[in-house]
Each structure stands twice: as structure tokens, then as C-alpha cells.
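> My questions concern the predicted model and sequence given below.
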Amino acid sequence: MSTSDLVPGIIDVNLLPQEHRPAQVSWMALGVAAVLAVLLLAMIPLAFRLEAARTRADEALQLAKGSELELTGIEGELARQRALRVELEASTAETTALQEEREALQGGVRPLADDLFWLYGFGFLPPGASIVAVSPSEGGLKVDGKANGPLDGIAFAEKLVSQGGFQAARMTAYTPASEQGGQFTVEVTR
């Protein structure tokens with residue numbers, strides 16, 4: 001006989017019911033459990049990365065909502081700007097039409113207010129002379145005034161052409177007064 005024949009076989013004499021017996025774990029089950037444990041440990045950094053990605057996604061969502069609100073505001077401002085531009089273009093067209101109508105009524109000459117400014121201003125009148133009345137005439141204005149002599153009326157007419165910017169001006173009448181000086185009439189072409 002050999003020594004291996006002398007070793008008796010293991011006899012399972014566990015009288016406990018099956019649910020109370022220690023678990024029978026094979027090497028394969030231990031290997032699978034070890035692999036699962038390693039995989040679970042490997043998933044911990046992934047969980048942190050997932051949480052960080054969710055946080056970044058929430059921040060990006062908030063940024064997108066803020067940008068959308070800003071974009072809505074910008075669209076409103078752009079619509080207002082377009083409306084103002086249309087209104088400006090309409091006003092500009094109306095102003096241009098009114099200016100063309102004014103020029104047509106004036107016959108292409110400068111405004112009457114400017115002409116009156118030049119008649120009364122800048123010392124065109126000789127000393128002692130004054131303007132009594134200004135009235136419209138065909139193609140211009142008729143200026144009545146008082147002066148010391150007829151030469152003052154002629155000098156006034158020449159200054160209106162040379163310095164006042166009128167096309168033509170000439171003294172058409174001079175009436176001597178009983179006292180010193182007289183009344184002159186100058187016709188100015190606009």
C-alpha cells in the first residue's frame with residue numbers, strides 16, 4: 001500500500017442546512033469579483049469627470065440663455081434702428097421736396113431773409129442815409145431810402161452789387177427834399 005491509499009478522503013459531515021453553511025466560492029467567482037472591483041475603482045475618476053462635465057454643461061446652458069436674452073435685446077434695438085432709418089429717409093425726402101419747392105418759388109435765388117440781411121447790414125449805407133421801405137418788384141426788390149444826395153444812393157447800389165452778392169442794383173429815382181438831402185429809390189435784382 002501506498003501512503004496515498006492511507007490518507008482517508010474528506011467526508012462532508014456538515015449537518016447544517018444549506019442556507020446556513022459557508023458559501024462555496026470558486027476561484028472563477030473570486031476572479032470575476034476582483035475584475036469587477038477593479039472596474040468599479042476605475043469608474044471613480046470617470047464619475048468625477050462626469051460631474052465636472054455636467055457642471056460645465058450647466059454653465060454653458062446658463063451662458064446660452066444669457067446670450068439668447070442679449071440677442072433678443074439686440075434684435076429689438078436693430079428693429080428700432082431700422083424704423084428710425086426709415087423715418088429719417090422719409091423726413092429727408094420730405095425736406096428735399098420742400099427745398100425744391102422753395103427754390104422753385106424763389107426762382108433759384110437765395111432766401112429773402114438773406115437778401116434783407118444784406119440790404120440792412122454791413123455798413124452798405126453811406127453815413128446819414130437810411131432805408132425807409134423795401135417792397136417786392138418784378139425780379140427783385142425796390143428799396144426806398146433817405147440820403148444826403150444822389151451820389152449816396154448810387155454808392156449804396158454799387159456796394160450791394162460788389163459786396164452784397166446781388167446780381168444788379170441801380171438807383172432809379174432821386175427826389176430832393178425841401179430841407180437837406182432827399183429820397184432815393186434803388187431797384188435790386190435778386
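Perfect, I can see it now. Predicted, not measured: the structure shown is a model, and the values here were computed from it. Numbers count the residues shown, from 1 in each chain.

> Reduced to three states, what does the residue nearest in space to the middle of the chain come out as?
The geometric centre of the chain, computed from its C-alpha atoms, lies nearest to residue 81 (C-alpha atoms, centre = their mean), at 6.5 Å. At residue 81 the chain is in helix, as set by DSSP: H, G, I helix; E, B strand; the rest coil.

> just residue 188 next, same as before
Applying three-state DSSP: residue 188 is strand.

> which residues sit in contact with it?
115, 119, 140, 141, 142, 143, 157, 160, 166, 168, 169 (C-beta atoms under 8 Å, 6 or more residues apart in numbering). Backbone N, C-alpha and C define where each C-beta goes, glycine included.

> So which of these sit within strands?
140, 141, 142, 143, 168, 169 (DSSP state E).

> Could you pick out the buried ones from those?
Buried members of the ones in strands among the contacts of residue 188, counted by 16 or more other C-beta atoms under 10 Å: 140, 141, 142, 143, 169.

> could you redo the residues you listed as a markdown table and give each row distance to residue 124 and pLDDT?
Formatted as a markdown table, these follow (distance: C-beta to C-beta, whole Å; pLDDT from 0 to 100):
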| residue | distance to residue 124 | pLDDT |
| --- | --- | --- |
| 140 | 16 | 82 |
| 141 | 14 | 86 |
| 142 | 16 | 90 |
| 143 | 10 | 89 |
| 169 | 10 | 88 |
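
> May I ask which two of these are separated the most?
142 and 169 (10.8 Å; C-beta to C-beta).

> list the residues that contact both of the two?
With C-beta under 8 Å, 6+ apart, residue 142 and residue 169 have common neighbours 186, 187, 188.
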